[in-house]
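J.: return atomic coordinates for the entry below.
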Amino acid sequence: KFKVTVEDINNKTASTEKEVRFVYKSYWGTVADTVTNPTGSDILGLANNGLVGTKAYVYSGITMDYGKVVYAYPATFGSLTSIMDVQHSFDYTESFTKTTVEVDGESYYCYMLTDPVSADNVQLTFA
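T.: Numbering: from 1, shown residues only. Take a look at the predicted model:
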């Protein structure tokens, strides 16, 4: 945390505080139907990654021909409680398999769709 306090010539003060968090990237995308146990290389090869900073994520525009959705994030964020298609009120939580995978020396929770499917512009909410 950083805190800055300033005082003007009339002895009036003001302060602000900011917190800086360092986090590892999260990864999401799709893999081939033949992937059964994703590795660190599989996760690093996913099409998307970013500094999400939490386990929660909304993955939009999922389109694939008979593949599996994968979402991986630093294990320090804890386990997911749900994976939903909110638009269609469908709970996919039980359709995903959770594993722990090492990515560049860091422990990641990896959620992968257990059975391959085809999808056209689907949105999943990981929470």
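J.: C-alpha only now, for contacts and for neighbours.
T.: OK.
J.: what's whichever helix or strand I62 is part of packed up against?
T.: In the assignment (DSSP states H and E), I62 maps to strand 57-74. When contacts are defined as 3 or more Cα pairs under 8 Å, 6 or more residues apart in numbering; DSSP states H and E, strand 57-74 packs onto strand 26-32, strand 106-113, strand 117-126.
J.: let's see 10 Å
T.: strand 26-32, helix 40-44, strand 48-50, strand 83-85, strand 96-103, strand 106-113, strand 117-126 (3 or more Cα pairs under 10 Å, 6 or more residues apart in numbering; DSSP states H and E).
J.: show the pLDDT at E19.
T.: Looking at E19, its pLDDT is 88.
J.: scratch that, E106 is what I was asking about
T.: 96.
J.: let me know the distance separating it from N10.
T.: 51 Å (Cα to Cα, to the nearest Å).
J.: who's more crowded, the two?
T.: E106 (13 against 6; other Cα atoms under 10 Å).
J.: ok, back up a step: looking at the helices and strands packed on strand 57-74, which is closest to V20?
T.: strand 48-50 (16.5 Å; Cα to Cα).
J.: thinking again about what came up before, could you dump the helices and strands packed on strand 57-74 to a markdown table with distance to G67?
T.: Below are the helices and strands packed on strand 57-74 laid out as a markdown table (distance: least, Cα to Cα, whole Å):
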| stretch | distance to G67 |
| --- | --- |
| strand 26-32 | 5 |
| helix 40-44 | 14 |
| strand 48-50 | 16 |
| strand 83-85 | 17 |
| strand 96-103 | 13 |
| strand 106-113 | 9 |
| strand 117-126 | 6 |
